[in-house]
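Participant: Next comes the sequence, and after it the predicted model I'd like to discuss.
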Amino acid sequence: MSDNILARAGKMHGDKIECREKYKAQLEIKTHRDYVLNLLTWLKSERYVHLSFMSCIDWIEENEFELVWHVFSYESKNHILVKTRLNREKPWMHTAINIWPHVQPYEQEIHEMFGVYFPGNPDLSGLFLHNWLDLPPLRKDFIAKDYSLALYTTDALGLTPPFDDIDIVEITAEESRDGE
Amino acid sequence: MEMDNLYLANLREEKQNMWGGLVNYFRKRSMWMLYYCTGCGAIELPPTMTSRYDMERLGMGPMATPRQADLLLITGYLSVKTLKRVIWSYEQMQEPKYVVGFGSCPINGGIYWDAYPVINHLEAFIPVDMSIAGCMPRPQAIIDAFEKLMGEIQEGKAIGYKRYEKHYDWYKKNQDAVLGRTEAVLKPWNDPFASNPSVDELMALEKGESNV
Amino acid sequence: MYLPDGYTTLDKISENDDYAVYDLFFGPNHPGMHGNFGYVLDMVGTEILRVRPNAGQLHRGFEKAMENKLWAQNLSLIPRVCVPDPDPNEVAYCQAVEAILGVEIPRRARYIRSIVLEMSRLGSFLMGMGGVGGALGHYSTMYLMMIDRDLILDLFEALTGGRVYHIYNIPGGVRRDIPDGWTDKLLELCDRLESKLPEWDRLLYENPVVQDRLGGLGYISAEEAMSSGITGPSLRACGVKADVRIDTPYAAYDEIEINSKLSEGGDALARAVQVRLDFEEAVNIIRRLVKQLPDGDYKLDLGNISKLRVPKGDAYSKVEASKGEFGYYVVSDGGLKPYRVSVRGPSMPAGMYLCHKHLRGMKIDDVAVWMASFAICPPDIDR
């Protein structure tokens, strides 16, 4: 923690955040959903310019989604995980594209995979899935194995073809003479 | 014997045509492969094509468009989006055309058998003439498979395209079951934000809910 | 014929008195495309107006599949996330698990991991530079580089048993020790690769056609690259001294000297030259690692690896792959299977976000070259 970022964060934001040092040069700051953008803007001004990516975790037992932003500073070499929790029934989050424009595809992916809504993101259409009508697939109540067995296996597709002319039979000498 | 057996019907046709066997000999020696890397198995294609395991001595070379290619190589797994495009490319190819399934994934799903976007059996959607097992197959295995395919072409056994033509309904039924679904497979989902509300509307809704 | 929904031929979108705008699929099925990915381009003539990425054709649902398999079973899925360069994935995953467990692996295991990482980096650079050559129509470079990559794969096969996917790193170290005589063959290969560099210089880097086509393509400034999520050789080519091996050392890199040189310029030619400089340095790093290779255990005894139970916690670990920063964020809830594994792929910022800014105004001939210069590799966009 060569730049004392956690101490300065505590002074700046007081009791709106909760800080912890997890491992060497890996820190964690938890905050409320509506304060995240303030915190991210402050971190970017403190030379934490690199946003690696965004993750989302489905805590189904606690009925919450957790969003994590990973930011990194090239000067102090610290990695900070900014975390927040969302209500699982109607999950939505302010978009961060005005701070880091390249977060737009990550938010698009989280919308598709978890169903979290980001008002203000210009394009939240589907990226990876084709003709998807089920639950967002990375949620814990979606069982991928059941889906795959229901759609892609022999029972579903009727794999045994209803024709038997694909057998390569050995022909005898008379049969081959018949054709001439 | 059954006149419906496609293999026998094809052999008979060839014997009646005096060029039958000779055409097969030339066809097997100039298979042009569609240059479409569909999955992770495609990483073993450059070593097979370049100088070390040289595929060109068998007469094979890469070709850019489906209209001019004979061989469609499904290198590895097929996600549903790729399947749509593979069927489209396969139907644009001119006959005679051959399909080689590369790796374990087109055979039975391979390592992605329980994954939601990956199909498990390729033979249900397009006819496969040769399958290569392995994850992923080595260049020597690929060359071996191509030589076997050449042997089958010579003997008139690689007639997948005729089967596709004759039993198109069955293939189309399977394709529609996966690609043209209109209902959810497990449980449909209603997006609570389908009306695209703005931030102010959402905050107002929450304040209203907390006041109630 | 099967007509998928939304199928378009060369559709005319709009027209006025002077010109018409067409919609073209720069396909998945395209000899210039690196893998199964597509851009839908709105074009006037050969100049591009708008880009829409068409991703998802390589989507395998990794992150969902990893939640249903044991900690050790995931190691067979993990290398498949990035096809040309699989080892950084294994190392990042194992390091995240080791961080949550709170264990330190033996010194020899760290050195062996670094050797394997550097070899994988060399192989991926050869494929990448071959890709740049191939995208320009310069096929001799691709053919020559594929031979050398095959020699690296032979050494991998002698060490791990697999040519492309190695599954060699496990939480706690590596699976087996280095066989006798393997390091001698590795040093011979390093000599051979170094002797080839002048030939590639003459073929590719000093070629006036290549310099003309790559120069000025896809320029990005240092500040913009740092705040757009660009990492790895593409960032070093803008003059920023950023290397995960030096900034947050992992494996054996804190004990090895790394002289990273920067090529400045920020355009495609600088990125290609940066790859060449990194290649030279990787060969030297392998030599230093082999010389300082210590004796000892090659793995930590964590009991039955199939019954590994990781305590509650989460960790993010990153490695420097040949394309940039590869990161794994692993969350555990104290069970036999991971709760969530989230993967950070290095191609996503360039492939999905920078394409909107750079491809506008470019000619269609340069799209494949632009993709190869940023080392955009679709498997880690789609996962």
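Facilitator: Received, thanks. Quantities reported herein were computed from a predicted structural model and do not represent experimental measurements.
Participant: going forward, measure contacts between C-alpha atoms and count neighbours the same way
Facilitator: Will do.
Participant: Could you give me the buried positions within the helix or strand A:Leu39 falls within?
Facilitator: Per DSSP states H and E, A:Leu39 falls inside helix A:36-45. Neighbour counts over helix A:36-45 (16 or more other Cα atoms under 10 Å in any protein chain shown) mark A:Val36, A:Leu37, A:Leu39, A:Leu40, A:Thr41, A:Leu43, A:Lys44 as buried.
Participant: Work out which residue lies at the spatial centre of the chain.
Facilitator: Using chain A here. Centrality entry for chain A: nearest residue to the mean C-alpha point is A:Ile110, 4.4 Å, by Cα atoms, centre = their mean.
Participant: that's the wrong chain, I wanted chain C
Facilitator: Short answer for chain C (Cα atoms, centre = their mean): C:Lys323, at 3.6 Å.
Participant: helix, strand or coil for the residue nearest to the centre of chain A?
Facilitator: On the three-state scheme (DSSP: H, G, I helix; E, B strand; the rest coil), A:Ile110 is labelled helix.
Participant: contacting residues for it?
Facilitator: Counting by Cα atoms under 8 Å, 6 or more residues apart in numbering or on different chains, A:Ile110 touches A:Ser55, A:Cys56, A:Val116.
Participant: Closest one to C:Met226 out of those residues, please.
Facilitator: For the contacts of A:Ile110, the residue nearest C:Met226 by Cα to Cα is A:Ser55; the value is 19.9 Å.
Participant: quick one: the closest one is in a helix?
Facilitator: No. The assignment for A:Ser55, made by three-state DSSP, is strand rather than a helix.
Participant: which residues sit against stretch C:27-41?
Facilitator: Contacts of stretch C:27-41 (Cα under 8 Å, 6+ apart): B:35-39, B:64, C:23-26, C:48-58, C:131, C:134-135, C:368, C:371-372, C:376-379.
Participant: contacting residues around residue 97?
Facilitator: Just so you know, I chose chain A. With Cα under 8 Å, 6+ apart, A:Ile97 has these contacts: A:Val103, A:Gln104, A:Asn121.
Participant: let's do chain B instead
Facilitator: B:Lys97 neighbours (Cα under 8 Å, 6+ apart): B:Ala69, B:Asp70, B:Leu71, B:Leu72, B:Gly160, B:Tyr161.
Participant: Nearest to chain A among these?
Facilitator: Of all the contacts of B:Lys97, chain A sits closest to B:Gly160, with 8.8 Å by Cα to the nearest Cα.
Participant: which residue sits closest to that closest one, ignoring its sequence neighbours?
Facilitator: B:Pro127 (5.2 Å; Cα to Cα, 6 or more residues apart in numbering or on different chains).
Participant: what's that neighbour in contact with, if anything?
Facilitator: So B:Pro127 contacts B:Val99, B:Gly160, B:Tyr161, B:Arg163, B:Tyr164 (Cα under 8 Å, 6+ apart).
Participant: Hmm, the second one is touching B:Asp129, no?
Facilitator: Yes. The criterion here is Cα atoms under 8 Å, and B:Gly160 meets it with B:Asp129 at 6.0 Å.
Participant: overlap in contacts of these two?
Facilitator: Common contact partners of B:Gly160 and B:Asp129 (Cα under 8 Å, 6+ apart): B:Tyr98, B:Val99.
Participant: Between the two ends of stretch B:37-45, how far is it?
Facilitator: Stretch B:37-45 has an end-to-end distance of 9 Å (Cα to Cα, to the nearest Å).
Participant: Any residue of it touching chain A?
Facilitator: No. Stretch B:37-45 lies out of reach of chain A by Cα under 8 Å from any Cα of the partner chain, never closer than 15.1 Å.
Participant: at contact distance from chain B, anything in stretch C:48-59?
Facilitator: Yes. Part of stretch C:48-59 sits near chain B under the criterion Cα under 8 Å from any Cα, namely C:Gly56, C:Gln57, C:Leu58, C:His59.
Participant: So which bits of stretch A:129-142 are buried?
Facilitator: Buried residues in stretch A:129-142 (16+ other Cα under 10 Å): A:129-140, A:142.
Participant: Actually, stretch A:93-111.
Facilitator: Result for stretch A:93-111 [16+ other Cα under 10 Å]: buried residues A:93-96, A:100-111.
Participant: re earlier: what subset of the residues of stretch C:48-59 next to chain B is buried?
Facilitator: For the residues of stretch C:48-59 next to chain B, buried by 16+ other Cα under 10 Å: C:Gly56, C:Gln57, C:Leu58, C:His59.
Participant: nearest to chain B, of those?
Facilitator: Distances from chain B to those, taken by Cα to the nearest Cα, are shortest for C:Gln57, at 5.2 Å.
Participant: Just the local confidence number for the closest one, please.
Facilitator: The per-residue pLDDT reported for C:Gln57 equals 87.
Participant: for C:Leu189, same thing?
Facilitator: 92.
Participant: For the helix or strand hosting it, name the packing helices and strands.
Facilitator: Per DSSP H and E, C:Leu189 falls inside helix C:182-200. Helix C:182-200 sits against helix C:139-160, helix C:268-291, with contacts defined as 3 or more Cα pairs under 8 Å, 6 or more residues apart in numbering or on different chains; DSSP states H and E.
Participant: Let me have the ones you listed in CSV, extended by mean neighbour count and distance to A:Ser73.
Facilitator: As requested, the helices and strands packed on helix C:182-200 are exported to CSV (neighbours: other Cα atoms under 10 Å in any protein chain shown; distance: least, Cα to Cα, whole Å):
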stretch, mean neighbour count, distance to A:Ser73
helix C:139-160, 18, 35
helix C:268-291, 21, 22
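Participant: Nearest to C:Glu104 among those would be which one?
Facilitator: Going by Cα to Cα, the one of the helices and strands packed on helix C:182-200 nearest C:Glu104 is helix C:268-291, 19.3 Å.
Participant: What is the nearest of the residues of stretch C:48-59 next to chain B to A:Tyr152?
Facilitator: Among the residues of stretch C:48-59 next to chain B, and counting by Cα to Cα, the member closest to A:Tyr152 is C:His59, at 15.9 Å.
Participant: count of neighbours near the residue lying closest to the closest one once chain neighbours are set aside?
Facilitator: Of all residues beyond its chain neighbours, the one nearest C:His59 is C:Asp382 (4.8 Å), with distances taken as Cα to Cα, 6+ apart. Residues near C:Asp382, counting by other Cα atoms under 10 Å in any protein chain shown, number 23.
Participant: Contacts only, for C:Asp382.
Facilitator: A:Phe128, C:Ala55, C:Gly56, C:Gln57, C:Leu58, C:His59, C:Arg60.
Participant: could you redo the last one with a cut-off of 7 Å?
Facilitator: A:Phe128, C:Ala55, C:Gly56, C:Leu58, C:His59 (Cα atoms under 7 Å, 6 or more residues apart in numbering or on different chains).
Participant: quick one: which of those residues is nearest to B:Trp113?
Facilitator: Nearest member of the contacts of C:Asp382 to B:Trp113, counting by Cα to Cα, is C:His59, at 13.5 Å.
Participant: what bridges to the residue most central in space within chain B?
Facilitator: Chain B has B:Ile74 as the residue nearest its centroid, 4.7 Å off, counting by Cα atoms, centre = their mean. Beta bridges link B:Ile74 to B:Gly101 when assigned by DSSP bridges.
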